[in-house]
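**Student:** what's the 3D shape of this:
(4 chains)
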Number of protein chains: 4
Amino acid sequence: MNTFGQIFRISIFGESHGKSVGVTVDGCPPGIDLCEEDMLEDLARRQAGAKGTTPRKEKDLPEIISGVFNGKTTGAPITVVFRNENTRSKDYSQLKVVPRPGHADFVALKKYRGFNDYRGGGHFSGRLTLALVAAGVIAKKIISQVKIAAKLIEAGGQNNIEKAVDEALKKRESIGGIVTCSAKGIPIGWGEPFFDSIEAVISHLVFSIPAIKGIEFGSGFQAAKMTGSEHNDEIIDPEGRTKTNHAGGINGGISNGNELVFRVAVKPTSSISLPQETINLKTRQTEQLKIKGRHDACIALRVPVVLEAVTAIALADFKLIVK
Amino acid sequence: MNTFGQIFRISIFGESHGKSVGVTVDGCPPGIDLCEEDMLEDLARRQAGAKGTTPRKEKDLPEIISGVFNGKTTGAPITVVFRNENTRSKDYSQLKVVPRPGHADFVALKKYRGFNDYRGGGHFSGRLTLALVAAGVIAKKIISQVKIAAKLIEAGGQNNIEKAVDEALKKRESIGGIVTCSAKGIPIGWGEPFFDSIEAVISHLVFSIPAIKGIEFGSGFQAAKMTGSEHNDEIIDPEGRTKTNHAGGINGGISNGNELVFRVAVKPTSSISLPQETINLKTRQTEQLKIKGRHDACIALRVPVVLEAVTAIALADFKLIVK
Amino acid sequence: MNTFGQIFRISIFGESHGKSVGVTVDGCPPGIDLCEEDMLEDLARRQAGAKGTTPRKEKDLPEIISGVFNGKTTGAPITVVFRNENTRSKDYSQLKVVPRPGHADFVALKKYRGFNDYRGGGHFSGRLTLALVAAGVIAKKIISQVKIAAKLIEAGGQNNIEKAVDEALKKRESIGGIVTCSAKGIPIGWGEPFFDSIEAVISHLVFSIPAIKGIEFGSGFQAAKMTGSEHNDEIIDPEGRTKTNHAGGINGGISNGNELVFRVAVKPTSSISLPQETINLKTRQTEQLKIKGRHDACIALRVPVVLEAVTAIALADFKLIVK
Amino acid sequence: MNTFGQIFRISIFGESHGKSVGVTVDGCPPGIDLCEEDMLEDLARRQAGAKGTTPRKEKDLPEIISGVFNGKTTGAPITVVFRNENTRSKDYSQLKVVPRPGHADFVALKKYRGFNDYRGGGHFSGRLTLALVAAGVIAKKIISQVKIAAKLIEAGGQNNIEKAVDEALKKRESIGGIVTCSAKGIPIGWGEPFFDSIEAVISHLVFSIPAIKGIEFGSGFQAAKMTGSEHNDEIIDPEGRTKTNHAGGINGGISNGNELVFRVAVKPTSSISLPQETINLKTRQTEQLKIKGRHDACIALRVPVVLEAVTAIALADFKLIVK
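**Tutor:** Residues are numbered from 1 along each chain as shown, chains lettered A, B, ... in the order given. Alright, predicted model coming up:
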């Protein structure tokens, strides 16, 4: 389903080449300053146009169509709509016959019995992350005491990201990347044991972002190679500060007052200009596929702001539950 | 909160040293053979006793107190209770003053203002995974067409797991590990785009297991270093079979008919016999802590069956939603 | 919160005098014919314009901005937006000082600390039932085997409804009414015991309609005066048909194959032209209030189509859960 | 499903003649005094034994098996179990062939394909209200500022309840009744517009109680016969007190600071000693049915404490959401 959250609840909708994408945010407290302009900075960070991202350029202008009055949230649901403008009219119907490797074309065709909007990935499109970013802007305002920062630290296995992207572009390839995210200022006690642990809820939202393949908190996969005496974070003061932060700011699913830290792995964009083999569902024969048009060489470039958004969405809900 | 699932919904309860731990499973279809004996095999796999796991030996006998009639599920909620028998009467109240590093003692104290049951971790205890295993047994029956298998493939950074555990025991240390999980036989079309993607729901449940630090699906973190042409799985027949399986059996959040594959990182057990430093919340001074009593040298040894259980729980819900 | 449903899930948003009202419908199966025109008939039934309803005339034109492709539902969320056009620019700010009796002005002011959109009732407006009617049109298509019909059977205590409305208009008064609703063709087995009983879910949705004061199923309040031998419905054939239908088509919360029958009480519209007394929150003195402008003499006239809509919404969810 | 609530969440389980009935209460704040004895008074009010209720006498002793430590709630889920002791071993299998009029026998048989526990109504039994009462005791403690009181005001159409019950007993009949419920001390602002209105949530829970046929708030069905000027409650002071209380303490779904008032209709117990006609599903012929054994002449006698319980459950959740 396309709804998430207990108190701060978001519902996303839309398709890549349909009329719009958007989001309804319910449970936002009243009295928070909010206007479309507040969203532009984060939307720009997500925006196409940087080297290595798709040349599709849309204005991505949000319109708030409910829940804001006199420049402030009212407590009623906030709906933000992005009208799709730059949707090319080309024929996408071939995707129903020749599914692209790495994409959802094949599973969508089967699951929705051919009725899905396949144009540009339809509802599966990364364009839906516009909705997440918009909701994230609202969430960030609710948890204004927390500073969230995500950063692409590696692309194509290299730290020199620009170079890696250049190389990929030259080869008509795509590359993956690693994005870190941290959040400072979370008070002790957000999150719940078990099903609503901070890790559980954040990972749930993170894997809702297309192209994410892995997530690790604090010491992450490295923890598997450590001993208990190395891994345990010594508590050094009555406020719970720890000498190290292998826990990534979380114990028993609950924030411990230290910095929240996690990392995600982003796969290389599935759409590449190089020819690929796939099946033709009509002829039942292998066929060479050439994907034309615009696409990202490194989708990971756009992930940081989306990662911040979903982190903020998770934390806003935790805050409103604990209150 | 301690409830998870849309149609196949589980609610867990209990404490390590209270009267019981248990689970209520709602949404289970009627007519499935079920008795306590069906749970013993998986419970034994989770059971204390193996080298490297805590010497605490309980019979861990489940009692089904509702939802089963004449040896079959009725469609009503199934409640399974494990009475705690071997709870030592020793005084645990020191945990409120000297929180153990790596444990939830400190956050629980703060979050619940001192009212939490701190004995043996209370509600945060790994003992609650009994409830998950019991629910997993029921879930496995619902998705009987799917074969799930999890395995510890590395402990303390080594593939020779027995040796690694022996070394840890000698050093009075603990070690982490890596567990893989696969599921064969999932039909095409389980899972949903975005918030109910297979990765999102499985990771949500996986991070509900204590000590998990990371999860990766298919190519996982390795994907970040790959190119699109390497990573994309070529579709080789009209049933969607792929030549490689970097996707881990999932596209766009939805099962693609190939094997579901993921791996998790387990941290070293927080309780170790070696002395550790921590804060004394009364004196506000650093203090040396010696944790006595029983504990696991390698909690990862017990994780496979729990991982299978939560995977089955997630898949059972997907199956019942799609139907 | 503004979301309801397990599988067929609706999220409503909007305000009377803001930019729009609308709804997102998630969980709708793919392949159902759907376009804006399909909604016009039910929207017209709800529409202002009939004698006794407010003279505010809007076109109430729905726009489907997601979830439909080539005239059919895709399985993705369907968002329907109604742009508000005829919102008078008059000053409503007096409502923050002089709350109207019977309205939500006072509670909204307190709950939202003055940030609510008070114009025309804001998010509390009966105009939000546009969203319910739109969702109801979709729901009716899902349960096409069921025929739902609601009817105003009494207004102002009289069966001659037109006359009662005329009288009320003359007196610048408003009147309440009784609406019945029935649904034929529900198969045996929809609904669940206890919290998801048919009565529980329908009443939940029915009391989400503004102005509803009571609901009764089958024999309803009359049952309180009956004996068991009078009330019990004799089962007359193996398909569960009953001689009488005091149960209203439901036993143990579950449809029994007979006609679903219930009735609701609608209060008189709170807005009347007659002068009323209320408190002035600034002067803290009683004050005479004269409500100007457009309003319904008998809001119950509009309720039938809304009642059908929420009934269809409830039943569609039951159908999709049972499948 | 058998779970209800957003923050204060209850999950019920059990069968009339199985091992137990019980409830898990999640989301209860820590630090509240709680022990089994606290439940005895309300359980006694619900208890069998009064004239007109079934002679089945069980001790109905609750056992709290999780979530309480040192006599106080811990913040973890609280599970309360009632072991069934007095379950007669008689053969109930005839219910699968000759469904009792007014009962869930027929629908349960169909819905659960014959696997339901039919003994004494199984999971449909009124005995499950034990779980509601236990949860209600906890809820009442959370909203200790609110005083809830429910009362049977009419049975069999008469105000002299004892006499009506006596008559029914003599005739081997059963009778229905009307129960009122009020709650004083609810602050302004609990509840939400639309789907989580106080009426919506309370009616949802009320219709989860077996035998309820109708509910009305404030003026209720009488409102349908009133004019706006009669019905509107004049606000008489800045705290929102009103001269009349036709609203029943709720405007726009939200508590307005006045007394919450509602009434419910209870049908006559379906089990009566008089012979009744029904269908034999094997012979497909009409058959005379004689229900033996214990049953209530007036189930409404037991409803008040259950009604208080579900009201408290709804209000506790509202309080914890608003906080």
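
**Student:** tell me which parts of the stretch 101-250 of chain A are close to chain C?
**Tutor:** Residues of the stretch 101-250 of chain A found near chain C (CB under 8 Å from any CB of the partner chain) are A:111-113, A:115-117, A:119, A:122-123. Heads up, the C-betas are built off the backbone N, CA and C, glycines and all.

**Student:** Just the buried subset of these, written out for ChimeraX, thanks.
**Tutor:** Buried residues among these (16 or more other CB atoms under 10 Å in any protein chain shown), as a ChimeraX selection:
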select /A:111,112,115,116,117,119,122,123
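
**Student:** show me the contacts for A:Asp105.
**Tutor:** A:95-96, A:99, A:118, A:121 (CB atoms under 8 Å, 6 or more residues apart in numbering or on different chains).

**Student:** ok, now which ones touch the nearest residue to A:Asn258 once chain neighbours are set aside?
**Tutor:** In space, and not counting its chain neighbours, A:Asn258 is closest to A:Gly249: 4.6 Å by CB to CB, 6 or more residues apart in numbering or on different chains. A:Gly249 sits next to A:183, A:186, A:198, A:218, A:255-261 when contact means CB under 8 Å, 6+ apart.

**Student:** Tell me, how many residues neighbour the one residue in the stretch 151-300 of chain A that gets nearest to chain D?
**Tutor:** Using CB to the nearest CB, the closest approach of the stretch 151-300 of chain A to chain D is made by A:Pro193 at 7.6 Å. Counted by other CB atoms under 10 Å in any protein chain shown, the residues lying close to A:Pro193 total 29.

**Student:** A:Pro99 against A:Lys110, yeah?
**Tutor:** No. The criterion here is CB atoms under 8 Å, and A:Pro99 misses it with A:Lys110 at 9.6 Å.

**Student:** ok, and does the longest helix along chain A reach over to chain D?
**Tutor:** In chain A, taking DSSP state H as the definition, the longest helix is helix A:303-322. Yes. Using CB under 8 Å from any CB, we find that helix A:303-322 touches chain D at A:Ile321.

**Student:** Between helix D:303-322 and that helix, find me the angle.
**Tutor:** 140 degrees (axes from the mean of the first three to the mean of the last three CA atoms, to 10 degrees).

**Student:** Which neighbouring elements make contact with helix A:303-322?
**Tutor:** helix A:37-46, helix A:129-142, strand A:147-155, strand A:177-184, helix A:198-206, strand A:260-266 (3 or more CB pairs under 8 Å, 6 or more residues apart in numbering or on different chains; DSSP states H and E).

**Student:** State the mean pLDDT of the longest one.
**Tutor:** Per-residue pLDDT over helix A:129-142 has a mean of 98.

**Student:** how distant is that helix from the center of its chain?
**Tutor:** 11 Å (CA atoms, centre = their mean, to the nearest Å).

**Student:** what angle separates that helix from helix A:37-46?
**Tutor:** Using the same axes, to 10 degrees: helix A:129-142 against helix A:37-46 is 130 degrees.

**Student:** And for the fifth one?
**Tutor:** Between the axes of helix A:198-206 and helix A:37-46, defined by the same axes, to 10 degrees, the angle is 80 degrees.
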